[in-house]
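J.: Sharing a sequence plus its predicted fold:
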Amino acid sequence: MVSAGAKNKHKAEVFMQESAMEFNSYIAELASLAADCYRITGEGFRGTPRFLLYNPKGKLLGMQTGPFRIEALENFMAKNSS
């Protein structure tokens, strides 16, 4: 039996291509997503979208659940760009 997430993966991929998203996206079943979220962030899964912000060396600097304004991202980057 194919799960709902796996069944709709192609739709999500098409949406990302049509929306010209220029960032990596994670598509997974909820249980895998929640486990990976906790492993990576030390926090439980809170919802989507969830943005994880890394420095060029791969260190996790911050997280945001839900949409945010581009100005907030630019300010965060300016404060953490050393």
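T.: Now that the structure is in, tell me what you want to look at. Everything numeric here is computed off the predicted structure, so don't read it as measured data.

J.: so how far is the helix ranked longest in the chain off the chain centroid?
T.: When the chain is parsed with DSSP state H, its longest helix is helix 30-41. Centroid displacement of helix 30-41 relative to its chain, using Cα atoms, centre = their mean, to the nearest Å, is 11 Å.

J.: Ok, stretch 25-34 next?
T.: The answer for stretch 25-34 is 10 Å, by Cα atoms, centre = their mean.

J.: what mean pLDDT would you report for the longest helix of the chain?
T.: Averaged across helix 30-41, pLDDT comes to 91.

J.: List of residues touching it?
T.: Contacting residues not belonging to helix 30-41 are listed as G5, Y26, A28, E43, G44, F45, R50, L52, L60, M63 [Cβ atoms under 8 Å, 6 or more residues apart in numbering]. C-beta coordinates here come from the backbone N, C-alpha and C atoms, glycine included.

J.: now F51, what's its secondary structure?
T.: strand (DSSP: H, G, I helix; E, B strand; the rest coil).

J.: before we move on, the earlier item: could you work out the most separated pair of the contacts of helix 30-41?
T.: Maximum pairwise distance among the contacts of helix 30-41 (Cβ to Cβ): 24.5 Å, between G5 and L60.

J.: what comes up buried for stretch 35-50?
T.: C37, F45, R50 (16 or more other Cβ atoms under 10 Å).
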